[in-house]
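Enquirer: Have a look at this prediction, sequence included:
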Amino acid sequence: MKHTLNYKLFSRMFRQIAFVGVAATMVSGAALAEDDVKLGLMLPYTGTYAALGEAITNGIELAIEENGGKLGGRSVNLMRLDSEAKPGKAPQNMNRLVNGEGADVIIGPVHSGVAMGMIKIARQEGAITIIPNAGLNAATRQFCAPNIFRTSFSAWQTAYPMGKMAYDRGYRKIATIAWNYSFGKESLEAFEEGFKAAGGEIVKQFLTPFPKVEFQAYLTEIASLKPDAVFAFYAGGGAVKFVKDYDAAGIKNAIPLLGSGFMTDGTLDAQGPAAEGVMTTLHYAASLDNPKNKSFQKAYQDTYGKAADIYAVQGYDAGQMLVQALDAVKGNTSDKDALIKALAAVKIDSPRGPWHFSKAHNPVQNMYLREVKNGHNVVVQVAAEAVDDPATGCVMAQ
Amino acid sequence: MDLTTILIQLLNSVQYGLLLFLISSGLTLVFGIMGVINLAHGAMYMIGAYLAYAFVEWSGSFSVALLLGIPVMLVVGIIIERFLIDHLYKKDHLFQVLLTFGLILILNDLQSLIWGNDTHGVPIPEVLSGSITLTDTMQYPVYRLTVSAICLVLALGMYWVIQKTRLGMTIRAGASNREMVEALGINVRTLFTIIFAAGVALAGLGGMISAPLSSVYPGMGDSVLIICLVVVVIGGIGSIKGAFWGAMLIGLVSTFGPILIPSLASVMVYLVMAIVLLVKPRGLFA
């Protein structure tokens, strides 16, 4: 009996909460103008990747703001949906944005696992999707589609050029380590491909459970293997912990640390002196010396009170590409084919340097070799110019 | 693997195991004595880490951060127990799970509001920043060893309190027969508040002392909660001794496992849990 009563009370409370929720949705719905361009942002706003979702959103907003707050002459409605970086929720969330909210363009996600779920629905529904981060190779390889664009990078692009850089610096035997999930594995494979092509040898590959951050056992193994250098991929909190542990174990002096640029981007403050001397490749560095980057960094600092990182740049470029394409179609989002054509043709003057889309809708862009000096990623040289992902298996690229 | 490497890996195992014990002991204490499943235990660990970050930023000293952080955690524990958990003792576990799960969401959002979403680091205290040379390529940070020492002292301290003091006697009595203890005139309500606050403070302390080793980032409590639940289940729910040996076992398994059988690295810990439960369904020391 007692339980029945409790559950009754509970279900009454639940109904009240649900009612308030519905009422609130109706109110916010009423405030929408009919002719807004609807952008559905499916990004992580909570959890490990929350900072990335925030930076991307800021970048998009900044690009639209610089265009007078409009796209193709129409005002813009940004609908944010927290992806929670959970792959399992991706199809459901994507469906909600496409069919429930009627978004004209979807922007997301950060996490490659979530991207797999999104891409599936995007291909089914033909929804125009712009990926502002997730670098899984497949998005612009076997799963490429006319309606799917990526303003960021492929895993291959950010790691392959480091292979030659490492060989040129005299390293012959390298051990690699990354989180055991698609992007981590793809980064290591791309580096290994590049390093072997240059003539180097991979001593051992370590894949550590994602998202665990206990590295001591692996570092002990690396120290006993004594390779010439280590190539690693970690991001966010994992990157901070790995770089600090690597330094604290005293390995860094004997075995230099190389990595994918995400390991030292947006994390340098937290890593502190432990990151000094770490070399990485990426399609951007906050210190890049070009006028567009300087004006972008200043505008971002003025608006959001902090320096822009790579994620903000990728969001900003997603915003820039919408500004260009919607101007080209004069704000008409109902003719999807025309809009897709306009999106594919954009030429972006980005803070990372100019880039355009490949046939597979992945950026053709420069990769920079950076070294951490005094807490900043300093560009050492261009590691490779106009890098184009091989797009293996993409029908559009044939 | 040569002998030196094995010895260093053993050191890694013990060091990780001790830290796991510190964090999970609070969870098992609260469940064993109060019968409350506190899913927000990981969130308490996160708050501890963020407090360490905030207080070190403000005062520049890690010891000051610890001195300020521990009382704050105790107060947080008292508030949660008095105002929330207190209403649920007589209800089904489901209600506690709902409440403490809700707390995770609220605390994660609060963290995001107060400290933002960036990843932060806490510098290792100056006096402990050195390292001990083990081999020509490998050193061991003094701070890691200090953390192990703190955990060991706390483990012995907890053993002493529970086995040798009056409070400990009451706690043990309360765990085995709550009604009888109440009938003997002991204020169980106060006892519960003390235990819950201690559990929260232990999780918070774990977060604080591991902050300089690790990094401080949103959602860091979630994975900690899972590994703590594994430790507690392996050791036997409610047993401090079980939590200790469970933590040591997990420390060993997650150090040697991934190196010896890399393909099973992600599932190793759960595999061990499954085997333990097959042999001893109530855990090692229940």
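Expert: Cool, the structure landed.

Enquirer: how about the helices of the chain, start to end?
Expert: Going with chain A. Using DSSP state H, the helices of chain A run over residues A:2-30, A:50-66, A:90-95, A:112-125, A:155-168, A:182-198, A:216-225, A:236-248, A:268-271, A:291-304, A:310-328, A:336-344.

Enquirer: I was thinking of chain B, sorry if that wasn't clear
Expert: B:3-34, B:41-59, B:62-83, B:93-115, B:142-164, B:166-176, B:178-183, B:188-210, B:220-235, B:240-260, B:268-279.

Enquirer: and the angle for the longest one with helix B:166-176?
Expert: Just to be clear, that refers to helix B:3-34. Using axes from the mean of the first three to the mean of the last three C-alpha atoms, to 10 degrees, the inter-axis angle of helix B:3-34 relative to helix B:166-176 is 70 degrees.

Enquirer: What are the buried residues along helix B:3-34?
Expert: Neighbour counts over helix B:3-34 (16 or more other C-beta atoms under 10 Å in any protein chain shown) mark B:5, B:8-9, B:11-34 as buried. (Glycine included, C-beta is placed from N, CA and C.)

Enquirer: Counting neighbours, what do you get for the residue in the stretch 51-200 of chain B positioned nearest to chain A?
Expert: Using C-beta to the nearest C-beta, the single residue of the stretch 51-200 of chain B nearest to chain A is B:Gln139, 3.0 Å away. By the measure other C-beta atoms under 10 Å in any protein chain shown, the count of residues near B:Gln139 is 20.

Enquirer: what's it in contact with, if anything?
Expert: A:Ala248, A:Ala249, A:Gly250, B:Ser131, B:Ile132, B:Thr133 (C-beta atoms under 8 Å, 6 or more residues apart in numbering or on different chains).

Enquirer: if you set the cut-off to 6 Å instead, what comes out?
Expert: A:Gly250, B:Ser131, B:Thr133 (C-beta atoms under 6 Å, 6 or more residues apart in numbering or on different chains).

Enquirer: List the beta-bridge partners for it.
Expert: In this entry, B:Gln139 is beta-bridged to B:Thr133, by DSSP bridges.

Enquirer: mind checking pLDDT for it?
Expert: According to the prediction, B:Gln139 has pLDDT 87.

Enquirer: Can you mark which positions in stretch A:391-398 are buried?
Expert: So for stretch A:391-398, counting by 16+ other C-beta under 10 Å, buried means A:Ala391, A:Cys394, A:Ala397.

Enquirer: mind checking pLDDT for the second one?
Expert: In this model, A:Cys394 is scored at 95, pLDDT.

Enquirer: before we move on, what about the last one?
Expert: Looking at A:Ala397, its pLDDT is 85.

Enquirer: neighbours around the residue of chain A found nearest chain B, how many?
Expert: Ranked by C-beta to the nearest C-beta, the top residue of chain A for proximity to chain B is A:Gly250, at 3.0 Å. Per other C-beta under 10 Å, the neighbour tally for A:Gly250 reads 22.

Enquirer: Now the phi/psi pair for it, please.
Expert: Phi and psi for A:Gly250, reported as degrees, to the nearest 10, are phi 70, psi 10.

Enquirer: and the stretch 101-250 of chain B, which residues reach chain A?
Expert: Taking C-beta under 6 Å from any C-beta of the partner chain as the contact definition, the stretch 101-250 of chain B meets chain A at B:117-121, B:131, B:137-139, B:141, B:214-215, B:217-219.

Enquirer: Give me the subset of these lying in strands.
Expert: B:Ser131, B:Gln139, B:Pro141 (DSSP state E).

Enquirer: For A:Thr208, see how far away the residue nearest to B:Phe256 when sequence neighbours are not counted is.
Expert: Take B:Phe256 and drop its neighbours on the chain: the residue closest to it by C-beta to C-beta, 6 or more residues apart in numbering or on different chains is B:Gln9, 6.2 Å away. According to C-beta to C-beta, to the nearest Å, B:Gln9 and A:Thr208 sit 15 Å apart.

Enquirer: do the same with A:Gln381
Expert: 30 Å.

Enquirer: and if you look at A:Gly238?
Expert: Using C-beta to C-beta, A:Gly238 is found at 9 Å from A:Thr208.

Enquirer: More neighbours: which of those two?
Expert: Neighbours were counted for A:Gly238 and for A:Thr208 using other C-beta under 10 Å; A:Gly238 has more, 27 against 24.

Enquirer: Near the nearest residue to that one once chain neighbours are set aside, how many other residues are there?
Expert: Residue nearest to A:Gly238 in three dimensions, not counting chain neighbours: A:Val213, with 5.2 Å by C-beta to C-beta, 6+ apart. The tally of other residues near A:Val213 (other C-beta under 10 Å) stands at 23.

Enquirer: With the one 10 residues further on instead?
Expert: A:Ala223 has 23 neighbouring residues, counting by other C-beta under 10 Å.

Enquirer: what's the least confident stretch among the helices of chain A?
Expert: When I compare those, helix A:2-30 is least confident, with a mean of 46.

Enquirer: interface residues of the stretch 151-300 of chain A facing chain B?
Expert: Checking the stretch 151-300 of chain A against chain B by C-beta under 6 Å from any C-beta, the hits are A:209, A:216-217, A:220-221, A:223-224, A:226, A:236-237, A:240-241, A:248, A:250-251, A:254, A:267, A:270, A:272.

Enquirer: Please list only the buried members of those.
Expert: A:209, A:216-217, A:220-221, A:223-224, A:236-237, A:240-241, A:248, A:250-251, A:267, A:270, A:272.

Enquirer: what's the first-to-last distance across stretch A:164-177?
Expert: 18 Å (C-alpha to C-alpha, to the nearest Å).

Enquirer: contacts for that stretch?
Expert: With C-beta under 6 Å, 6+ apart, stretch A:164-177 has contacts from A:188, A:194-195, A:198-201, A:203-206, A:222, A:225, A:227-232, A:258, A:369, A:383.

Enquirer: Likewise for stretch B:3-14?
Expert: A:Gln216, A:Ala217, A:Thr220, A:Ser224, B:Leu134, B:Thr135, B:Gly251, B:Leu252, B:Thr255.

Enquirer: ditto for stretch A:72-84
Expert: A:32, A:35-47, A:64, A:93, A:101, A:109, A:114, A:326-327, A:330-331.

Enquirer: From the chain's centroid, how far away is it?
Expert: 18 Å (C-alpha atoms, centre = their mean, to the nearest Å).

Enquirer: avg pLDDT for that stretch?
Expert: 94.

Enquirer: what's near enough to touch the closest residue to B:Phe55 other than its chain neighbours?
Expert: Distances taken as C-beta to C-beta, 6+ apart put B:Ala65 closest to B:Phe55, at 3.5 Å, once the chain neighbours are dropped. Contact analysis of B:Ala65 by C-beta under 6 Å, 6+ apart lists B:Ala52, B:Phe55, B:Val56.

Enquirer: mind checking how far B:Ala65 is from B:Val127?
Expert: 14 Å.

Enquirer: try A:Leu207
Expert: 37 Å.

Enquirer: okay, those two: which has more neighbours?
Expert: The residue with more neighbours, out of A:Leu207 and B:Val127, is A:Leu207; 20 against 11, by other C-beta under 10 Å.
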